[in-house]
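K.L.:
model the following, please.
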Amino acid sequence: MNATIRRGDARDAEAVAGLHALSWRTAYAGIVPRQALGDGLWEERRVLWELRLAAEYGEPANTPELLIAEQAGRAVGFAYLVPQADGRILLDNLHVEPGRTGGGIGRALLGAARSHVARQHPGADLYLEVLRDNTRAVAFYEREGGLRTAEQEGVFPGGFVLPEYEYTWTAAGRDQSKS
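P.N.:
Predicted coordinates for the structure are as follows:
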C-alpha cells in the first residue's frame with residue numbers, strides 16, 4: 001500500500017473535494033442520476049468541504065475527524081468520521097482515488113478510522129451507509145467485517161432517493177473483526 005495516514009484539516013479541503021467528486025463520478029456512474037454527477041459536482045464538494053473543515057464543533061467529542069491517505073505527499077484517499085447524537089460514529093465518507101482501489105488504501109483508512117473511534121470514543125460503534133447498488137463497496141465492507149444492520153432509503157442532494165445498507169463495526173466486536 002505504501003500510503004501514510006494522517007489527520008486532515010482545512011488546508012485539505014480542495015484535495016478532498018477533488019477526490020470526493022472523482023470518486024462519486026466513478027463509483028456512482030449508472031447508480032445515481034446523471035445530473036447529480038454533472039459539471040457542478042466539484043464546486044458543490046468544494047463548498048461542502050470548506051464549510052465542514054472550517055466549522056467549530058465545540059467539544060472534542062463532537063468534532064468530526066478527517067483522515068487523509070497520502071502517497072508521495074499527495075492525497076489519494078480520505079475518511080471522514082462524524083460523532084452522532086446516539087453515541088455512534090458515522091463513517092460519512094471513505095473514498096480512494098479511482099485507479100488506486102484494491103491496493104490496500106481503503107483498508108488502511110478503515111483501520112485508522114476504527115482505531116480513532118476506539119481511542120477517542122471508547123465503547124462507540126462505527127457505522128456507515130452505502131448505496132445498495134455499489135456492489136464493490138458492499139463487498140469490501142463485508143470482507144472487512146462490517147455487519148449489515150439496516151436497509152433503508154437515502155435522500156441525496158437534488159432530492160433523489162436510493163436504497164442503501166447500513167454496516168456497523170461494534171465496539172464489542174472491534175478486536176475480533178478484520179482490520
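K.L.:
low-confidence ranges in the protein?
P.N.:
Low-confidence segments of the chain (pLDDT under 70): 1, 33-38, 173-179.
K.L.:
the same query, at a cut-off of 80, please.
P.N.:
Across the chain, the ranges flagged by pLDDT under 80 are 1, 25, 28-42, 156-158, 172-179.
K.L.:
the strands in this structure, which residues?
P.N.:
Secondary structure of the chain (DSSP state E): strands at 4-7, 65-71, 74-83, 89-96, 126-131, 147-155, 161-169.
K.L.:
so what secondary structure elements neighbour the fifth one?
P.N.:
Taking 3 or more CB pairs under 8 Å, 6 or more residues apart in numbering; DSSP states H and E as contact, the helices and strands that strand 126-131 lies on are strand 89-96, helix 105-120, helix 135-143, strand 147-155, strand 161-169. Glycine gets a C-beta too; all of them are placed from N, C-alpha and C.
K.L.:
go on, the second one?
P.N.:
Judged by 3+ CB pairs under 8 Å, 6+ apart, the packing partners of strand 65-71 are strand 4-7, helix 13-27, strand 74-83, helix 105-120.
K.L.:
kindly recompute the last result at 10 Å.
P.N.:
Here strand 65-71 touches strand 4-7, helix 13-27, helix 41-54, strand 74-83, strand 89-96, helix 105-120, going by 3 or more CB pairs under 10 Å, 6 or more residues apart in numbering; DSSP states H and E.
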